[in-house]
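**Q** below are the sequence and a predicted model; questions follow.
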Amino acid sequence: MRKTWRLPILFTFPGGVEIFHGVVLPYSRIAIIIFVVFVVTAIWALLQKTSLGLQVRSVTQNREMAACMGIPTQKVDMWTFGLGSGVAGLGGLALSQIGNVGPELGRMYIVDSFMVVVLGGVGKIVGTVAGALGIGVVNKFLEPISGAVLGKIIVLILIIALIQKRPQGLFALKGRSVDN
Amino acid sequence: MIKQIVSLHSFRGWLLTFGLLFAAIILLPVLNIFIPEESFFHIPDYMFPLLGKYLCYAMVALAVDLIWGYTGILSLGHGVFFSMGGYAMGMYLMRSIGKEGVYKSDLPDFMVFLDWKELPWYWYGFDYFAFALLVILLLPGLFAFIFGYFAFRSRIKGVYFAIITQAMTYALMLLFFRNNTGFGGNNGLTDFKRILGYALQDPSTKMGLFMITALVLFLSYVLARYIVQSKLGRILTAIRDVESRVMFSGYNTLHYKLFIWTVSAFLCGLAGALYVPQVGIINPSEMQPTNSIEMAIWVAVGGRGTLVGALFGAGLVNVAKSWFTVAAPDYWLYFLGVLFIVVTLFFPKGFLGFFKSFSIINKVKEPTNE
Amino acid sequence: MNSAEVSLKDHSIDTTHGCILYVENVTVSFDGFKALDDLNLYIDDGELRCIIGPNGAGKTTMMDVITGKTRPDEGTVFFGQNLDLLQMTEYEIAHAGIGRKFQKPTVFKNHTVYENLELALHADKDIWTSLLKRLNADQKETIEGALETIGLVEQKNIRAGLLAHGQTQWLEIGMLLVQDPRLLLIDEPVAGMTHQETEQTAELLSSLAGKHSVVVVEHEMDFIRSIANRVTVLHEGRVLAEGAMEDVQNDPKVVEVYLGS
């Protein structure tokens, strides 16, 4: 095993809120939830309300057309990739508050996070949020019943079953497809 | 049928193919047996399992190229098919150890260690080679068929399919890592003694396994070549380029994708089964996502969409890997990463595509309909 | 599998009432926007029909519905009296005898011209036939004939990606010819063609009518005038007018839509 480190807790909020009897939600996790809501809202605002967001969305829909309108598609790619990587980094920051930190911290989440996008549908933040919450909650409910490994397999099978009905994900964009 | 197979290659092409087969199954053994050890031309015993391993990887590359290079479907799940063939062979090899294990029990050592009293039901039958062979030939293909049916039917495409296959690989790896699953957990299956009564440590067994691998690779190549040269092969590349147009021409693309996906898994499983007795171990790390990615890298390096490119890429990367892991073991992954980036940036069609671009081959194709 | 597949086998399309395509009360909406709004359209067997309409009138969506690419929210689409197209997949519809030429020419760019025609050719399209059978003499003749018709004999071994735009259009028409469908749906066939090529296309399409039914969507008015017996005008997902070209042209509603307010 590689060595892992426990980081000092940044938001030192000892204690927590007792939701109902015996279940305590630590303040540090509440801080993470607030932080995540803030980041998601910021991304949503960035994509929907700024001109960079408009350019990003136009490139996703029709790259050639966007290029013809004078949008520097390669620069947009660059910015989007940087932005995406940065957000992943923020996710890592949040994770550092609840677990150990090591060079393989992200590996556990690669497959899960891709599954979230497959489930939620591309290009819709609401889909990503719903997919992430769905997979996370189902996983946590299954773990005590079936064990972590079988839980993962069940989730995978559920996702495959779900996309039989909705191939484009739960919140797909509908319309005349461009790629004929 | 015979005529069609003969027409797969020009005379020179066949000469080269058979020349390589001849070199593998006659020349190398002769150089090993009849040339004195001091000579430069002597092939030492240890070379055979090593070369055999490369040939297995080459078969995997063929399989990946059929589905990715020709049909445009990137799979990150081929590690699973490889492992299925490998584990099936490994289970047979475990059973043929008999009572010569460390614990002198009829059960495989790891089961004794876990204090199991009986063989789990899914190990029944692996006492017989014929049964194991049947599993090797059928299971990877069958599993791929079922998985592929649901995946392709829902029209998952491109990167989503890759993700789903990677998730499948990951889930199965976790499953096999568990001791309770009954496949040796972390350590996998190892310490094999013999195959069909022949001692695996024996140089002649090693040579024999190598020769069989070479023959199977040759047959796989002919099969793959037959597929890509047929109209079916042209439909596969058409699916890769514009799938909707193929559908509107009246083809059920689901059947075509499922067919090539199953064939690909079948070849991969076969490669895994040949790999295990030569390398002497199979464990869940074969199902690590990075392994399946590496398989795709072999094909990308050699050149997608050409069979020779896939074979060449698998050979090149793995020979480099063998050299690096001896000379500079810490730097192998860096090298692999750099290699992949360089290939993607500068040789998007792989090394073979790069060489080809100097000729006019890709401008005017030879007529293939005669 | 399902009933559509059974009826696909015997391949007979019931056109005893003289009509080959029935599109009835079809509505398609995308997030509230109605691309087709209660559309009704009937195509006679052997007819050559032109469909015109301003951008966004629903022409391409209508073709998407007929070929199974888009599923309507409401309505029925029948091929002949017996084949319910809404129950069939894209390839079943193509196999039953509906061929389509796309607005943006789509051919297989990495295949040669000859191979493109081979793939489109009317033949058994299951995997085992594709894997084991080679073209027979008749089929080769059909392809050679099509090559002559579309004037690409010399280019037959060239990759389709290297053809000029007009030639690509011709290749796609050739692919439709060898596919030998009962009903051809043709989306903007003469875009990017020279005047002479346009005339040739008009001639070709006119000669196809009778044996096949042809539906052409086009903007080019001269072209339509030269081929059309009947014209349907679509506007905002509905049929605005239908009839002979002169009548339609003088219809005040049509004039208003085209010349605008």
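**A** Yes, it's here. Residues are numbered from 1 along each chain as shown, chains lettered A, B, ... in the order given.
**Q** residue B:44 - how many residues pack around it?
**A** By the criterion of other C-beta atoms under 10 Å in any protein chain shown, residue B:44 has 11 neighbours. Where you see a C-beta, it was placed from the backbone N, CA and C, and this is true even at glycine.
**Q** could you look up the SS state of residue C:242?
**A** Put simply, residue C:242 is strand when judged by DSSP: H, G, I helix; E, B strand; the rest coil.
**Q** what's the local residue count around it?
**A** The tally of other residues near residue C:242 (other C-beta under 10 Å) stands at 18.
**Q** hang on, it packs against residue C:233?
**A** Yes. Counting by C-beta atoms under 8 Å, residue C:233 is a contact partner of residue C:242 at 7.1 Å.
**Q** what residues are shared contacts of those two?
**A** Residues touching both residue C:242 and residue C:233 by C-beta atoms under 8 Å, 6 or more residues apart in numbering or on different chains: residue C:248.
**Q** tell me the domain boundaries of chain A?
**A** As given by automatic domain parsing, the domain ranges for chain A are A:12-101, A:106-172.
**Q** close to chain B, is the last one?
**A** Yes. Counting by C-beta under 8 Å from any C-beta of the partner chain, contacts between domain A:106-172 and chain B involve A:110-111, A:114-115, A:117-118, A:148-150, A:152-153, A:156, A:159-161, A:163-164, A:167.
**Q** so the spatially most central residue of chain C: helix, strand or coil?
**A** What sits nearest the mean C-alpha location of chain C, by C-alpha atoms, centre = their mean, is residue C:185, with 1.2 Å. Here residue C:185 is recorded as strand under three-state DSSP.
**Q** in the sheet, who's paired with it?
**A** In this entry, residue C:185 is beta-bridged to residue C:100, residue C:215, by DSSP bridges.
**Q** about what we covered before: just give me the lowest mean pLDDT stretch among the domains of chain A.
**A** For the domains of chain A, mean pLDDT drops lowest on domain A:106-172, to a mean of 83.
**Q** quick revisit: CSV for the domains of chain A, including mean neighbour count and distance to residue B:295?
**A** Shown next, in CSV, are the domains of chain A (neighbours: other C-beta atoms under 10 Å in any protein chain shown; distance: least, C-beta to C-beta, whole Å):
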stretch, mean neighbour count, distance to residue B:295
domain A:12-101, 13, 25
domain A:106-172, 17, 17
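**Q** can you redo those domains as a markdown table with distance to residue C:121?
**A** Shown next, in a markdown table, are the domains of chain A (distance: least, C-beta to C-beta, whole Å):
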| stretch | distance to residue C:121 |
| --- | --- |
| domain A:12-101 | 32 |
| domain A:106-172 | 30 |
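**Q** which residues touch residue 126?
**A** No chain specified, so I'll use chain A. A:120, A:171.
**Q** nope, chain C
**A** B:252, B:255.
**Q** what about it, distance to residue C:108?
**A** With distances taken as C-beta to C-beta, to the nearest Å, residue C:126 is found 19 Å from residue C:108.
**Q** that older thread, the residue nearest to the centre of chain C against residue C:65, yeah?
**A** No. If you go by C-beta under 8 Å, residue C:185 and residue C:65 don't touch, sitting 10.7 Å apart.
**Q** what residues does residue B:139 make contact with?
**A** Shown in contact with residue B:139 (C-beta under 8 Å, 6+ apart): B:84, B:85, B:88, B:269.
**Q** please repeat the previous calculation with a cut-off of 10 Å.
**A** Residues in contact with residue B:139, defined by C-beta atoms under 10 Å, 6 or more residues apart in numbering or on different chains, are B:81, B:84, B:85, B:87, B:88, B:265, B:266, B:269.
**Q** just the ones of the residues you listed in helices?
**A** B:81, B:84, B:85, B:87, B:88, B:265, B:266, B:269 (DSSP state H).
**Q** does chain C have contacts with the helix or strand of chain B at the bottom of the mean pLDDT ranking?
**A** Across the helices and strands of chain B, mean pLDDT, DSSP states H and E gives its lowest value to helix B:350-356, namely a mean of 78. No. Between helix B:350-356 and chain C, judged by C-beta under 10 Å from any C-beta of the partner chain, nothing touches; the nearest distance is 12.7 Å.
**Q** and that helix, what does it pack onto?
**A** The helices and strands touching helix B:350-356, judged by 3 or more C-beta pairs under 10 Å, 6 or more residues apart in numbering or on different chains; DSSP states H and E, are helix B:289-302, helix B:307-327, helix B:332-346.
**Q** tell me which of the ones you listed is the most buried.
**A** helix B:289-302 (a mean of 23; mean count of other C-beta atoms under 10 Å in any protein chain shown).
**Q** what strand or helix carries the spatially closest residue to residue A:57 that is not a sequence neighbour?
**A** Nearest-residue entry for residue A:57: residue A:47, 6.6 Å, with adjacent residues in sequence omitted and distances by C-beta to C-beta, 6 or more residues apart in numbering or on different chains. If you go by DSSP states H and E, residue A:47 is part of helix A:27-49.
**Q** list the contacts of the residue nearest to the centre of chain C.
**A** Applying C-beta under 10 Å, 6+ apart, the residues near residue C:185 are B:248, C:21, C:43, C:51, C:62-64, C:66-67, C:98-102, C:176, C:213-217.
**Q** and residue B:123, how many neighbours?
**A** Count around residue B:123 with other C-beta under 10 Å applied: 17.
**Q** residue C:164 too?
**A** For residue C:164, using other C-beta under 10 Å, the count is 10.
**Q** now do it, the pLDDT please.
**A** For residue C:164, pLDDT reads 87.
**Q** please apply the same query to residue B:108.
**A** 90.
**Q** quick one: the closest residue to it other than its chain neighbours and residue B:118, what's the gap?
**A** Excluding its sequence neighbours, the residue lying closest to residue B:108 (C-beta to C-beta, 6+ apart) is residue B:94, at 4.6 Å. Separation of residue B:94 from residue B:118 (C-beta to C-beta) stands at 15 Å.
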